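Chemist: Sharing a sequence plus its predicted fold:
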There are 2 protein chains.
Amino acid sequence: MERKMNPESGLDLNAYIKEKKLRIDEAIDRYLPGEEESPGELFKAMRYSLFAGGKRIRPILCLAAAEAVGTSVSSDCLLPVACALEYIHTYSLIHDDLPAMDNDDYRRGKPTSHKVFGDALAILAGDALLTEAFELMTRTDFHTGLAPEILLRVIREIAAAAGAFGMVGGQVEDLRAEGKPGNLDTLNRIHNRKTGAMIVVSLRAGAILSGGSEQAVSALTDYGHKIGLVFQIADDILNVEGDRTVLGKSTGSDASRGKMTFPLLMGLEPSRQKAFALVEEALRDLDGFDNRATPLRLMARYFVERRL
Amino acid sequence: MERKMNPESGLDLNAYIKEKKLRIDEAIDRYLPGEEESPGELFKAMRYSLFAGGKRIRPILCLAAAEAVGTSVSSDCLLPVACALEYIHTYSLIHDDLPAMDNDDYRRGKPTSHKVFGDALAILAGDALLTEAFELMTRTDFHTGLAPEILLRVIREIAAAAGAFGMVGGQVEDLRAEGKPGNLDTLNRIHNRKTGAMIVVSLRAGAILSGGSEQAVSALTDYGHKIGLVFQIADDILNVEGDRTVLGKSTGSDASRGKMTFPLLMGLEPSRQKAFALVEEALRDLDGFDNRATPLRLMARYFVERRL
């Protein structure tokens, strides 16, 4: 552990995140073919969305979870899986933004993939990112020191979280729920699948690959379920009251679309209270960890303030 | 080897294919969640396309290649990979048929996914099939007897064949080439990527998982490159002169779309001659195999006659 790991109050989370983000950005740039390769426009579209201002939350959670369990392997060999999580997240954004789906022209203040490259290339760039994520994770030459059966387990968990019972299934339910009267059970289930599953598996992947105990993996799973929901509630609140510069897209778009949200079902203030309560619960899930879990503790608080 | 493997002339290829197809269909039905699972419409859409008359060429080639190298493992543990190849092929058809891409309303005589389920669900059903393919391949409980590092190698090869340098890249080039003057080099490269790569990797996967020698894997790779091209030339010829009942879609659609094809660039008769010559070459690639490669030999001939 080369990094200064001060007691809780001493860690500079911004610096921590900045350092991790830099490592992840460099790795993605290294892994991904350049535009001199054919077909160049495909790699251009893949790079455009991968470098469109993503905060790398999932890869950072993966690396932070590995540290929290006291990693027994070099973090270098976790980078391919960490970056693959970002590929999968990015593909899902490209497809969700398509005219046939949410029809969003902007994300993080930049034109979405299909606005820049057209629908066909946007679909294919998403397909390629999803596929290359698995190619990257199976690059055993990048994973020196990891047992193949552990890697297979992690890849399977990630596929399951991204698939029909996870992220894709959540998006189907989300589209189906638009414009219909909703309830909190449905909303919770949609978010658990649509965003929660990938957040949780990011933490689990880091912990499992680092040789964490089943107990530690289980605690991080509980933590992940809660911060995943916190993240979504914060997103919903921001959509109501946030300003366009923070979110990079129009505010109030959920309401105009008839989208089920926490503020709509619970009210704004109760939503905020629920988020803060979930953060406290998430912190209790980390009680068994020492100060190597400090970044995860600080991130939970940041999630609720949505400064990440 | 429980099956009767008669000398070349004695094998009934139709019966062989029928038996294999049945095993694959049963396995897919067993692996894939039913519509009672949520979200049901997603699984309905996935099943619709998976059971829309596909000939299971890739899974059959995978199993036949395993037999050709003299499989050292039970063919049951190859089934998840064989079926995953069909998931990937099916996802690519769903996405290729979308209005934003080839805009095809029919395939194999049935309405395409987006005509039945709408564009959004068609995109998501494709995404789910691609993701579930990797989930299926990493189900180590289905692969008893296989070494994890061999399985990882095969998954990586399949991801590479399906990804940006393979199938997806080929589709990008194919879309870009429409309506432009073409040449044979470009056409060969497009087909090698768009269809050849998955045909080749299907054979390689079967051979590698069965413990085939590098020499055997290499010979099957050569065979695969040739029959992949044969298959495409036959498809192009059928598109010009075939009838709608065989192809399940309108004939002449390539020409009206300004698509580059072998008959267009070489003429109809030279295209046919090229296909027959490639079959002879493909058969020579199998010279080192005994009569366990008989199904592969007969399939090469069937490919050129496009009876598969």
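Modeler: Noted; the coordinates are in hand.
Chemist: Is chain B within reach of whichever strand or helix holds A:Ser202?
Modeler: Assessed by DSSP states H and E, A:Ser202 sits inside helix A:197-209. No. With CB under 8 Å from any CB of the partner chain as the criterion, chain B is not reached by helix A:197-209; the gap is at least 11.4 Å. C-beta coordinates here come from the backbone N, C-alpha and C atoms, glycine included.
Chemist: can you give me how far that helix is from the chain middle?
Modeler: Mean-position distance between helix A:197-209 and its chain equals 10 Å (CA atoms, centre = their mean, to the nearest Å).
Chemist: Stretch A:71-91 too?
Modeler: Distance, centroid of stretch A:71-91 to centroid of chain: 12 Å (CA atoms, centre = their mean).
Chemist: Show me what counts as buried in that stretch.
Modeler: A:71, A:73, A:75, A:77-91 (16 or more other CB atoms under 10 Å in any protein chain shown).
Chemist: Please look at A:Arg281 and A:Ile227 and confirm they touch.
Modeler: Quick fix: residue A:281 is Glu, not Arg. No. A:Glu281 is beyond contact range of A:Ile227, at 9.7 Å (criterion: CB atoms under 8 Å).
Chemist: So which of these two has more stuff around it?
Modeler: A:Ile227 (30 against 16; other CB atoms under 10 Å in any protein chain shown).
Chemist: Name the SS class of that one, please.
Modeler: Put simply, A:Ile227 is helix when judged by DSSP: H, G, I helix; E, B strand; the rest coil.
Chemist: for it, what are its contacts?
Modeler: A:Ile227 is in contact with A:Ile199, A:Leu278, A:Val279, A:Ala282, A:Met299, A:Ala300, A:Phe303, counting by CB atoms under 8 Å, 6 or more residues apart in numbering or on different chains.
Chemist: In helices, which of the residues you listed fall?
Modeler: Under the assignment DSSP state H, the contacts of A:Ile227 contribute A:Ile199, A:Leu278, A:Val279, A:Ala282, A:Met299, A:Ala300, A:Phe303 to helices.
Chemist: could you list every residue that touches the third one?
Modeler: Applying CB under 8 Å, 6+ apart to A:Val279 gives the contacts A:Lys226, A:Ile227, A:Val230, A:Ala300, A:Arg301, A:Phe303, A:Val304.
Chemist: what's the spacing between it and B:Ile94?
Modeler: 41 Å (CB to CB, to the nearest Å).
Chemist: One more: A:Met101?
Modeler: 15 Å.
Chemist: Tell me the helices and strands packed up against the host helix or strand of A:Gly126.
Modeler: Per DSSP H and E, A:Gly126 falls inside helix A:119-137. If contacts are counted by 3 or more CB pairs under 8 Å, 6 or more residues apart in numbering or on different chains; DSSP states H and E, helix A:119-137 sits against helix A:40-50, helix A:79-97, helix A:113-117, helix A:148-162, helix B:79-97, helix B:119-137, helix B:148-162, helix B:167-177.
Chemist: Of those helices, which is nearest A:Val168?
Modeler: helix B:119-137 (4.5 Å; CB to CB).
Chemist: Which residue in the contacts of A:Ile227 has the weakest pLDDT?
Modeler: pLDDT across the contacts of A:Ile227 is at its lowest for A:Phe303, which sits at 85.
Chemist: I'd guessed that one sits against A:Ala234; true?
Modeler: Yes. If you go by CB under 8 Å, A:Phe303 and A:Ala234 touch, sitting 6.4 Å apart.
Chemist: List the residues that contact A:Ala128.
Modeler: A:Leu42, A:Met46, B:Gly163, B:Ala164, B:Val168, B:Gly169.
Chemist: Just the closest of the contacts of A:Val279 to A:Glu36, please.
Modeler: Distances from A:Glu36 to the contacts of A:Val279, taken by CB to CB, are shortest for A:Phe303, at 39.0 Å.
Chemist: Flag every residue of the stretch 151-300 of chain A that's near chain B.
Modeler: Counting by CB under 8 Å from any CB, the stretch 151-300 of chain A sits next to chain B at A:151-153, A:155-156, A:159-160, A:162-165, A:168-169, A:171-173, A:175-176.
Chemist: rerun at 7 Å
Modeler: Where the stretch 151-300 of chain A comes near chain B, counting by CB under 7 Å from any CB of the partner chain, the residues are A:151-152, A:155-156, A:159-160, A:162-164, A:168-169, A:171-173, A:175-176.
Chemist: wait, what's in contact with the residue nearest in space to the middle of chain A?
Modeler: Note on chain A: the residue nearest the mean C-alpha position is A:Arg58, at 3.7 Å, using CA atoms, centre = their mean. Residues in contact with A:Arg58 (CB atoms under 7 Å, 6 or more residues apart in numbering or on different chains) are A:Leu85, A:Glu86, A:His89, A:Met198, A:Ile199, A:Ser202.
Chemist: same check, this time on A:Arg139
Modeler: Neighbours of A:Arg139 in contact, by CB under 7 Å, 6+ apart: A:Pro80, B:Arg156.
Chemist: Name the helix or strand of chain A that has the lowest mean pLDDT.
Modeler: Of all helical and strand segments in chain A, the minimum by mean pLDDT, DSSP states H and E falls on helix A:244-247, at a mean of 50.
Chemist: low-scoring stretches of chain A, by residue?
Modeler: By pLDDT under 70, the low-scoring segments of chain A are A:1-9, A:72, A:242-253, A:255-256, A:306-308.
Chemist: tell me, which of the buried residues of stretch A:71-91 make contact with chain B?
Modeler: Of these, not one also sits near chain B (CB under 7 Å from any CB).
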